[in-house]
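Colleague: Got a predicted model here, sequence first, then my questions.
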Amino acid sequence: MAGGGFSKLPNGSVVVAITLTGPADGAGPGSPVRVLVHAANRARALTRLRNLGLRAVYLRGNAEPPTPDEVTAVLHHPDGLLWRARPEKAQELWHPIRTLLAPSVPVQQN
């Protein structure tokens, strides 16, 4: 993991941002992705990720806290879990976490 951090919101909840290695596509190691989680506290945010199968997720320090744009994005998403490839591209939108974790299905040609 390259880094991560958190921001505490006025209502007491937190937004955690973590940089993870994305899934490999068969051509080598995966590229880094930025994952955002909104939860009641840091421990619950990490538990949400671990419950999705990301078992080795830890937050050490606050080196890369979420930006205000990242906080806004995760607060406006119904699931409160988003990801985007890194480095962030201005034209790339945030994706729901299920698209990152879903196995890719090969397209059958007739």
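Modeller: Here it is on my side, so go on.
Colleague: measure the most centrally placed residue in the chain to residue 72 for me?
Modeller: Residue closest to the mean C-alpha point of the chain, counted by C-alpha atoms, centre = their mean, is residue 35 at 1.2 Å. Noted for residue 35: a distance of 16 Å to residue 72, by C-beta to C-beta, to the nearest Å. Yep, even glycine has a C-beta here, placed from its N, CA and C like the rest.
Colleague: With residue 38 instead?
Modeller: From residue 38 over to residue 72 the distance is 11 Å, taken as C-beta to C-beta.
Colleague: Could you check which of the two has the larger neighbour count?
Modeller: residue 38 (23 against 12; other C-beta atoms under 10 Å).
Colleague: wait, doesn't that one sit right on residue 76?
Modeller: No - using C-beta atoms under 8 Å as the test, residue 38 is too far from residue 76 to be in contact (9.9 Å).
Colleague: What ranges in this structure fall below the confidence cut-off?
Modeller: 1-2, 22-30, 86-90, 102-110 (pLDDT under 70).
Colleague: Can you list the residue ranges for strands in it?
Modeller: Under the criterion DSSP state E, the chain carries strands at the ranges 3-8, 14-21, 32-39, 81-85, 95-96.
Colleague: Need those in CSV (columns: distance to residue 59).
Modeller: Output for the strands of the chain, formatted as CSV (distance: least, C-beta to C-beta, whole Å):
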stretch, distance to residue 59
strand 3-8, 5
strand 14-21, 6
strand 32-39, 10
strand 81-85, 15
strand 95-96, 21
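Colleague: which stretches of the protein form helices?
Modeller: All helices of the chain, identified by DSSP state H, fall at 42-51, 68-75, 97-101.
Colleague: So what's the residue count around the closest residue to residue 52 other than its chain neighbours?
Modeller: Excluding its sequence neighbours, the residue lying closest to residue 52 (C-beta to C-beta, 6 or more residues apart in numbering) is residue 101, at 5.9 Å. When neighbours are defined as other C-beta under 10 Å, residue 101 has 13 of them.
Colleague: about what we covered before: out of the strands of the chain, which comes closest to residue 57?
Modeller: Within the strands of the chain, the stretch nearest residue 57 is strand 14-21; the backing value is 6.4 Å (C-beta to C-beta).
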